[in-house]
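Visitor: Starting from these lines, generate the structure:
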Amino acid sequence: MAKLIVTPNLPDPDGFYADLIKAYDGMDDEAVSAFSARLILLLTNHIGDAEVIAEALEEAAKTNLKTEG
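Guide: Predicted coordinates for the structure are as follows:
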């Protein structure tokens with residue numbers, strides 16, 4: 001069974017962030033939300049492991065609670 005990797009695992013996180021911001025360039029909030037949803041669905045399909053995806057959902061929810069509280 002695969003586990004969700006929560007430690008840094010991306011060789012160039014700054015490059016990824018720059019690419020993401022570039023992809024958002026010129027989009028309004030609605031377009032950014034739609035793009036982000038498509039990206040999430042594509043990456044979820046790529047992962048393809050329901051248990052890992054469930055872990056990611058739980059982790060994202062915890063992180064959201066930490067930032068709001």
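
Visitor: residues in contact with the residue nearest the centre of the chain?
Guide: Central residue of the chain (Cα atoms, centre = their mean): residue 40, 6.0 Å from the mean position. By Cβ atoms under 8 Å, 6 or more residues apart in numbering, no residues touch residue 40. Backbone N, C-alpha and C define where each C-beta goes, glycine included.

Visitor: Okay, it and residue 11: tell me how far apart.
Guide: 21 Å (Cβ to Cβ, to the nearest Å).

Visitor: same thing with residue 52?
Guide: Residue 52 is 20 Å from residue 11, by Cβ to Cβ.

Visitor: Same question for residue 60.
Guide: 22 Å.

Visitor: and these two? which has more neighbours close in?
Guide: residue 60 (11 against 7; other Cβ atoms under 10 Å).

Visitor: count of neighbours near the nearest residue to residue 10 once chain neighbours are set aside?
Guide: In this structure, residue 10 finds its nearest non-sequential neighbour in residue 16, 5.8 Å apart by Cβ to Cβ, 6 or more residues apart in numbering. Using other Cβ under 10 Å, residue 16 is surrounded by 11 other residues.

Visitor: which other residues reach the one helix or strand residue 16 maps to?
Guide: In this assignment (DSSP states H and E), residue 16 forms part of helix 13-24. With contact meaning Cβ under 8 Å, 6+ apart, helix 13-24 is reached by 10, 32, 35.

Visitor: cool, stretch 48-55 as well?
Guide: With Cβ under 8 Å, 6+ apart, stretch 48-55 has contacts from 1-4, 44, 47.
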